[in-house]
Structures are given as structure tokens and as C-alpha cells.
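*Asks:* Need a 3D model of the sequence below.
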Amino acid sequence: MTIRPISTTLIALLACCALQAFAAEPDKVVGWRGDGTGHYPDATPPTTWSRNEKGEKKNILWETKLPCYTWSTPIIVGDKVFTRSEPYDLICLNKLTGKLLWIRSHPAYITVTAEEKKANPAFAEIEPLIAELQKLNDAFVEKGWSKELYKQKHDLQKRINDLTFKADRKYALPPDMYVESWCGYTGATPCSDGKDVFISSGNGITASYDLAGKLKWARYESIAGGWGEHGQSPSPVIADDKLIAVTTNLAAFDKATGKEIWRAAAFCGNPYALVKVNVGGTDFVISAGNYVRAKDGKIVVPRVGDMPGCMVVTNGDMVYYTQNRASFMQVLPKADNELTVKPLITEEYNRVNMPSGDSKALKVDPTISGFYTASPLYHNNLLYCVGNFGILTVVDTTKTKQADSIVYSMFPPFDFKNPYSRKSVGMGIGASPAMAGKYIYMIDSAGCMLVVEPGREFKLIAKNNIDEIVPEGWEEKHWMGPHHEQTEASPIFEGNRIYIRGEQNLYCVAEKP
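*Replies:* All right, here's what the predicted structure looks like:
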């Protein structure tokens, strides 16, 4: 493992833009799904918008084409929006205008120490390529997307990886599991404390950038040995004023220096997501069903042997797990800054089974029927759970028995415009639902978003589509020809805006004056 500390114009707000502007909140922590719950209570987004294949738009304030895809959620920090791009980019844009501000790439080579370079002359060939890559990033910011720039960047990144593998295999990218996993190397959403932005990548890099794009520190740990079908996509969190991320296992780092503070004992189970919960004034993180104290990495409550599911959301002292099942856990403080977990469901294994089935609009491969990728949304005692293949199940969290816990289960009218099989793109639903203002927003994997009124009955307010055919400019094995742009990332909301990360574009949805 190596660590390398790095030594040594704000865009004016447009007065003519009728968009609401919001000042940066000092020390505001943001990350996956905003604060992790998918709730945006102060948002006032539109309920109708559209973009058709001809580029005709309604309430699409701006769209910016980016180098490559990512399924991580964008985050907003002050007047900036941050997103990722495969295989290892962090991208910063002006949130009001969509103007690219900077792109930073972090291949594993950036953490190779001077001693390693001196001992291994093979690294010398890579050094000038890193500078060349940044020049391409700068050209992308200045000129915008073009086929030529994309191809140059793609080819250079491949060359850097090939030479890095030749110099030292431990620094090479793990196998590209795109078709099987849909997450790539940038599935983890960045997080921020309002001052810096932190990333954790599937190429083994954990790093910190300031808001101007200066790399503050970067560390590397090969995760190729644990790289599986679904890659590695749990998003880092800030808890107890530490950066906590999954590398080979769960670890905490000093935000200012990247120094490792603790590393939790290895535990089984795919983390899927890290979620922070505060109990009795003490921060804990939940990882693969384990409750880990943030200050020292102690596993205070280990994962139970038969987990009900790994999709998780919290509300106060409650933790809700879902997948094909649902389970409700109350977390209570104990002495010595520990906690205890109290299951509330009285059925066998403290869980209820959710209805199965797939939308008739989807020709689903039966070997993957019933999958859940989206985390649930909690609102007013109801849990909204969206399956990969179109099912929406609403669970009453005040009930503790199977017979009366399911409020309703149905197939909302998503369009599912892409092909349907394990080996195809944009299939079904991957993004988690959100509650913005008074409505629930749910998006399928091809740009169709439903606006729904919360409650014990399904009430559709609006159905909207962003319709763009991709790819443009490259032909890779995983793109499989032209298709509707995928929207696997969860949308985020601020004020009267919605930010939607598509396969090639970042969109800002807002009502125009």
C-alpha cells in the first residue's frame, strides 16, 4: 500500500438566469443520495419535462456531454456539481450553467512512489503520458466533447494501463466487469464535507481533491483479488469526521492527509452501500449488515447469519433492509458508546417476504428475475421498494406480520425502452427513488421518470422522458450498438432543479422562465 501527499475564477452567478441560486453551506456533508436517505424536503422541482430524439426540449435547462459513463450519483457542493466518468475521472461543472470547470484523472500510477520509480525503470515511460492525459482533459473542458478527443483520451488511458501492468501488475485495473455488473470502476459516489471532495474507485484509488481540482492526497490498494461479478461500488461516507471507505475491507482515513486511522476486521457479505447512523451521539456505519463504530472501527454488532437484504436506508433510530424481503431494526444506545439492534418484525427470521414478479413489458431472463438494485425510500411509515424489473412494492413499517405489511404491489408505467436480457444495456431499473418536495421521483434505466404522490394508493402525477440515442463516437464491446441512453444513477435535487446523470450526458431539469 502506498500513500502520496501532494504539496504545493469562481464563475459569476448569472443574473439573467431565473434559476434559484443557493449559497454553499459550510461543512455540509453530502454523498450518495444526498444525505443517504434520498430525501430533499426543501426542493421544488418541476413535475414535467421532456427531451426527444430530435433534441427538442421542455424544461431541460442544460445538458453537458461528458467523456464516459458512470452510475455514481452526482453531488452538489456550493456552486459546483461533481460527477464521475470511467474509468477513473472526477469531473466538476458549474451547477447553474453546466459549464465544465475541470476534469481530473487518477490512474493508479499517481501513487507510485519515487523509490518505486527509481527501482523500476519501466515506470519512466508512463510519466509523460500522465501529463498528456491532463492536457486532453483540459482540452475537453475548453472545447467540449468531440469524437476525436474522446478517442485520444480512450486510447491514452488504455496505453497507460497496459504500461502500468507491464511495469508492476499490482497497479493494473481489475477486469472490466461492465456487462455483468453495470457498475464499472466508478460506481461509488463521491462525498464531500463542503471543503474537499473524496473519491473511492474500483481501480484501487482513494483520494481527496479541493474544490478547485487540486489533488491533496491519494492512496492505492490493489483490490483485484476481491474483484467479483459486481465490481466494487459502495460509496464512501464521512462519519466521526473521518473518511470511511471500502478497499479490501472497511477502513477509515484522516480527511486532511489520507493517513489510515483504522481498518475493521474482515467480514463476509457484499457491502453494496455504506450508511451512517448516529446512536446516542456516536457515529456508526452500517456495512453488509455489520454495525461498525466510526471512531475506532470496532464491530459492535456483527452481521446476522441470514440477512434479509443489503439494500438499506435509515430514519432516526430505525434501519430498514430490503431486497426480496424487508426487515425493520431499531438501533438503541448501550453503555461504552455501543449499540444494540432490536428487530421489530415478528415473522420467522425477523423479515417479511415481498411479492415477486416482473413487468410484462420486460422479457426477463428467469435466472435474474426478482433482483433489487435500488435502495428503498422511507416516508411517513411507508417503505417504497423498486425492483430491477419494474415492480413497486410499498411496505407498512408499522406492521410486524406478513399478512398486513404489504400496502400494495404493482407495475408502474415505465417505458423500458432498451433491450431486455442479462447481456444488454439499460435493462429495467437501477436507480434508487427519491422524495423531492411533496412527490416521489423514480427513474428507469432508459430516461423514463415517473412522478408519484406518496401514500397508500398509487397516484401518478406525471411521466417524463429524456430520449437520447447513444453511443456517439466510440464502439466498445459493452455498448452493443445504438440504444437509448442509460440512466442508472440516482437523481439528485436542489431548489427547483433536478440533476440526472445519463450515460453520456449530465442533465439539469428546471422550469424555464
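
*Asks:* Quick check: which ranges of the stretch 251-400 of the chain have low pLDDT?
*Replies:* 266-270, 365-368 (pLDDT under 70).

*Asks:* which stretches of it form strands?
*Replies:* 260-263, 274-279, 282-287, 290-293, 299-301, 311-315, 318-322, 325-334, 338-343, 352-353, 377-379, 382-386, 392-396 (DSSP state E, counting those that start in this stretch).

*Asks:* With distance to residue 248 as extra columns, can I get those in JSON lines?
*Replies:* Just so you know, the C-beta spots here come from the backbone N, C-alpha and C atoms, and that holds for glycine as well. JSON lines is the format used below for these (distance: least, Cβ to Cβ, whole Å):
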{"stretch": "strand 260-263", "distance to residue 248": "9"}
{"stretch": "strand 274-279", "distance to residue 248": "15"}
{"stretch": "strand 282-287", "distance to residue 248": "13"}
{"stretch": "strand 290-293", "distance to residue 248": "15"}
{"stretch": "strand 299-301", "distance to residue 248": "16"}
{"stretch": "strand 311-315", "distance to residue 248": "22"}
{"stretch": "strand 318-322", "distance to residue 248": "24"}
{"stretch": "strand 325-334", "distance to residue 248": "27"}
{"stretch": "strand 338-343", "distance to residue 248": "26"}
{"stretch": "strand 352-353", "distance to residue 248": "34"}
{"stretch": "strand 377-379", "distance to residue 248": "31"}
{"stretch": "strand 382-386", "distance to residue 248": "31"}
{"stretch": "strand 392-396", "distance to residue 248": "35"}
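
*Asks:* May I have the residues that are in contact with residue 379?
*Replies:* 39, 435, 440, 454 (Cβ atoms under 8 Å, 6 or more residues apart in numbering).

*Asks:* now these in CSV, with secondary structure, pLDDT and neighbour count?
*Replies:* Formatted as CSV, these follow (DSSP: H, G, I helix; E, B strand; the rest coil; pLDDT from 0 to 100; neighbours: other Cβ atoms under 10 Å):
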residue, secondary structure, pLDDT, neighbour count
39, strand, 98, 19
435, strand, 98, 22
440, strand, 98, 23
454, coil, 98, 15
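
*Asks:* quick revisit: what's the closest of the strands of the stretch 251-400 of the chain to residue 133?
*Replies:* strand 260-263 (27.7 Å; Cβ to Cβ).

*Asks:* What residues of that closest one count as buried?
*Replies:* Buried residues in strand 260-263, defined by neighbour count with 16 or more other Cβ atoms under 10 Å: 260-262.

*Asks:* What of stretch 436-449?
*Replies:* Applying 16+ other Cβ under 10 Å to stretch 436-449 flags 436, 439-449 as buried.

*Asks:* Check what pLDDT the closest residue to residue 95 other than its chain neighbours gets.
*Replies:* Nearest residue to residue 95, sequence neighbours excluded (Cβ to Cβ, 6 or more residues apart in numbering): residue 81, at 4.3 Å. Listed pLDDT for residue 81 reads 98.

*Asks:* Okay, and residue 81 sits in which element?
*Replies:* Here residue 81, judged by DSSP states H and E, is contained in strand 80-85.

*Asks:* That strand: partners in the sheet, and parallel or antiparallel?
*Replies:* Neighbouring strands of strand 80-85 in its sheet, by DSSP bridges, are strand 75-77 (antiparallel), strand 89-94 (antiparallel).

*Asks:* Point out the most buried one among the ones you listed.
*Replies:* Ranked by mean neighbour count under mean count of other Cβ atoms under 10 Å, the strands paired with strand 80-85 are led by strand 89-94, which reaches a mean of 24.
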